[in-house]
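Student: Output the structure for:
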Amino acid sequence: MSPKAVVFAYHDIGCVGLQALLGAGYEIAAVFTHADDPREKTFFGSVAQLCARHGIPVHAPEDPNHPLWVERIGKLAPDFIFSFYYRQLLGDALLACAKKAH
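Tutor: Numbers count the residues shown, from 1 in each chain. Below is the predicted model of the structure:
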């Protein structure tokens with residue numbers, strides 16, 4: 001059985017981290033990222049586009065620490081939560097949704 005992960009990722013580092021998890025056989029339950037600004041010239045990899053290619057649900061909430069998002073993440077029952085270049089601090093309640101922690 002593959003370990004299940006919820007991933008918070010953005011930019012090239014986010015793409016590399018997500019690809020590493022996929023290559024290692026992780027089941028990615030959901031990815032949280034930041035919406036790209038359509039007025040900016042994007043020169044880096046898009047986590048959302050990578051998720052679309054792999055059929056992974058992607059979300060871009062203003063505040064992932066909001067109790068409703070924490071509840072949704074908890075229902076996904078991830079073994080691990082990973083953060084790759086995500087621009088917000090993840091709170092204790094959100095991190096406690098992971099079954100395993102290091």
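Student: Now do the longest helix seen in the chain: everything it contacts.
Tutor: Taking DSSP state H as the criterion, the chain has its longest helix at helix 11-23. Under the criterion C-beta atoms under 8 Å, 6 or more residues apart in numbering, residues 5, 7, 9, 28, 31, 33, 44-47, 50-51, 54, 82, 84-86 lie in contact with helix 11-23. No exception for glycine: its C-beta is placed from N, CA and C like everyone else's.
Student: Taking the residues you listed, please make a ChimeraX selection of just the buried ones.
Tutor: To isolate the buried ones among those in ChimeraX, judged by 16 or more other C-beta atoms under 10 Å, type:
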select :5,7,9,28,31,33,45,46,47,50,51,82,84,85,86
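Student: Strands - which of the contacts of helix 11-23 land there?
Tutor: Judged by DSSP state E, strands contain the following of the contacts of helix 11-23: 5, 7, 9, 28, 31, 82, 84.
Student: now the residues you listed in TSV, with distance to residue 68?
Tutor: Shown next, in TSV, are those (distance: C-beta to C-beta, whole Å):
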residue	distance to residue 68
5	21
7	19
9	21
28	21
31	18
82	21
84	23
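Student: Okay then, goodbye and thanks.
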